[in-house]
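**Q** here is a sequence together with a model predicted from it:
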Amino acid sequence: MNGLQTDASRALYERALRYTPGGVHTSIRNVAPHLIFTEAEGAYIYDADGNRYIDYQAAFGPFVLGHRHPYVTQRVVEALERTDLYGVGTTDLEIELAEKICKHVPSAESVLFCNSGSEATYHAIRLSRAVTGRVKLIKFQGCYHGWHDYVARNMLSAWDMIGKRDPGSAGMMDEAVDHTLICTFNDLDDVQRTFEANPGEVAALIVEPVPHNIGCVMPQPGFLQGLRELCLRYGAVLIFDEVITGFRHDIGGYQKVCGVTPDLTTMGKAMANGFPIAAVAGKNELMMRFNTNPGGDVWFAGTYNGHAVGTAASIATIGLMETAGVHEHIFRLGERMRQGIRDIHERMGIRAYVAGFGSVWTTYFMDREPLNYTDLKDNDAELYVSYRRKLMERGIFKMPMNIKRNHVSFSHTEQDIDHTLQCIEDVLKELRG
Ligand code: PLP
């Protein structure tokens, strides 16, 4: 392999740098080589130099059906031919989508729409504070719940900052950082100790039921149930942040898979296959406090909430999940990928752990299953950089960090998976020299 042809991307990136700090519009997108993407279709993305990649990054998760899925596109176009946004009342599309979500997601007695996962977690936390009259929040080291001050701490912390005070950004309010308490995933004793140390002060516990922001760390048996019980015992609201797991792992979210029902759920990403919409849902007892309901005292607003583009896309995406065997397909291909990679590792004697669930997988370069963020200290992140680059040269597009997950979509085929496995084997052979 002679490397990637990137001349056109490089020229465009120079232009981007002139008008945008760092040339990208989300910090984690600033990854070398700076490719400029111009087309996407199904399982494939294309850059300005005409390189084609099988896409597993899936824009950090939304593409559960694949890029520009024709049915979703058609439903969005149809919607835009007759409707858009009004700023008063509600639309037929919002009603249809709300019905679908409440039908499928166990915790959703009612739902409100917004535009991003960060907005959804912000609303869920504010509501929890209002209903409990408390301020503190528990989150887990390594979990990501968006960019706002309530949650943007202790994400991918430096190893010596694990569990310590680690704000994710300059400019965050001290109060917000200090009121967010950090626990270790899969450690119920730690959570209980934290509740005990802050008696009557914890408003909510927010958790990714499967922490996909550190790859695919699976909740150990009883852990999510234990969180449910602790929240009930200490009077805190349990929030499942299903922005990644929602609709991807089951049409009812991971709560349907694990049988644990939270008080509130946040959703986004796979809910609309790449179109911008997110949601907060939960028990009516809590949701009715939002001031969309007359008499409610928790402010909920957003000019673009419930826009026809997002609602039509989400109705189409969930509609296809109801009828077309989407989960059967992505789970089968996900397992084919995971097992195929494990077989390669075994044949070649590679020290790695392939984790995953359903349509996602992560190859950790370490020899045991990680149960929390601290365990990832043993992972060989350096090796992944050259592994990813060499795969990219062969037309395979993976997440920029190996402690993130990769995604299979409804548009990927068995041939895509088998070709990817062949490339993985070739790259591992080349790396071993
Ligand atoms: N929650 C989780 C679990 C996420 O992974 C993300 C984004 O990656 C968010 C919330 C924030 O969503 P958004 O980027 O749409 O604001």
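**A** Yep, that arrived. Residues are numbered from 1 along each chain as shown.

**Q** what sits against the residue of the stretch 151-300 of the chain found nearest the ligand?
**A** Shortest the stretch 151-300 of the chain-to-the ligand distance, computed as CB to the nearest ligand atom: residue-wise this is V243, at 3.5 Å. Bear in mind the C-beta positions are built from the backbone N, C-alpha and C, glycine included. V243 is in contact with 61, 117, 120-121, 145, 208, 266-269, 278, counting by CB atoms under 8 Å, 6 or more residues apart in numbering.

**Q** lowest confidence element among the helices and strands of the protein?
**A** Least confident helix or strand, the chain: helix 381-393 with a mean of 92, by mean pLDDT, DSSP states H and E.

**Q** tell me the confidence at whichever residue of the chain sits closest to the ligand?
**A** For the chain and the ligand, the shortest gap (CB to the nearest ligand atom) falls at G117, measuring 2.3 Å. pLDDT for G117: 98.

**Q** for the stretch 251-400 of the chain, what lies in contact range of the ligand?
**A** For the stretch 251-400 of the chain, the residues found near the ligand under the criterion CB under 6 Å from any ligand atom are 268, 278.

**Q** do a quick rundown of the strands in the stretch 251-400 of the chain.
**A** 264-267, 278-282, 353-357, 360-364, 396-397 (DSSP state E, counting those that start in this stretch).

**Q** buried residues in the longest helix along the chain?
**A** Longest helix of the chain, by residue count under DSSP state H: helix 326-348. Counting neighbours by 16 or more other CB atoms under 10 Å, one finds that the buried residues in helix 326-348 are 326-327, 329-338, 340-342, 344-345.

**Q** excluding its backbone neighbours, what's nearest T311?
**A** Nearest residue to T311, sequence neighbours excluded (CB to CB, 6 or more residues apart in numbering): L93, at 4.0 Å.

**Q** surely that neighbour meets A308?
**A** Yes: at 5.8 Å, L93 counts as touching A308 under the criterion of CB atoms under 8 Å.

**Q** shared neighbours of the two, anything?
**A** Residues within reach of L93 and of A308 at once, by CB under 8 Å, 6+ apart, are 79, 83.

**Q** so which strand or helix has A203?
**A** A203 belongs to strand 202-207 when assigned by DSSP states H and E.

**Q** after that strand, next one along is what?
**A** Downstream of strand 202-207, the next assigned helix or strand under DSSP H and E is helix 223-234.

**Q** now do the contacts for the residue positioned nearest the centre of the chain.
**A** The residue lying closest to the centre of the chain (CA atoms, centre = their mean) is I244, at 3.0 Å. By CB under 8 Å, 6+ apart, I244 lies in contact with 61, 208, 210, 212-213, 269-270, 405.

**Q** domain ranges for this protein?
**A** Per automatic domain parsing, the domain ranges recorded for the chain read 7-68+325-432, 70-323.

**Q** most packed of those?
**A** Highest mean neighbour count of these: domain 70-323, a mean of 20 (counted as mean count of other CB atoms under 10 Å).

**Q** hang on, the earlier thing: any chance of the strands of the stretch 251-400 of the chain in TSV, plus mean pLDDT and distance to Y254?
**A** Formatted as TSV, the strands of the stretch 251-400 of the chain follow (pLDDT from 0 to 100; distance: least, CB to CB, whole Å):
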stretch	mean pLDDT	distance to Y254
strand 264-267	99	10
strand 278-282	99	14
strand 353-357	97	8
strand 360-364	96	11
strand 396-397	98	25
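
**Q** can you list those in a markdown table and add distance to R233?
**A** Shown next, in a markdown table, are the strands of the stretch 251-400 of the chain (distance: least, CB to CB, whole Å):
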| stretch | distance to R233 |
| --- | --- |
| strand 264-267 | 18 |
| strand 278-282 | 19 |
| strand 353-357 | 28 |
| strand 360-364 | 32 |
| strand 396-397 | 45 |
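
**Q** could you verify my assumption that A204 touches F240?
**A** No: look at A204 against F240 with CB under 8 Å: they stay out of range, at 11.1 Å.

**Q** which residues do the two both contact?
**A** Shared contacts of A204 and F240 (CB under 8 Å, 6+ apart): L264.

**Q** check what contacts the strand or helix carrying T194 and list those residues.
**A** For T194, the host element (DSSP H and E) is helix 188-197. Helix 188-197 is contacted from outside by 138, 181, 183-184, 202, 205, 222-223, 226-227, 230, 233-234, 236, using CB under 8 Å, 6+ apart.
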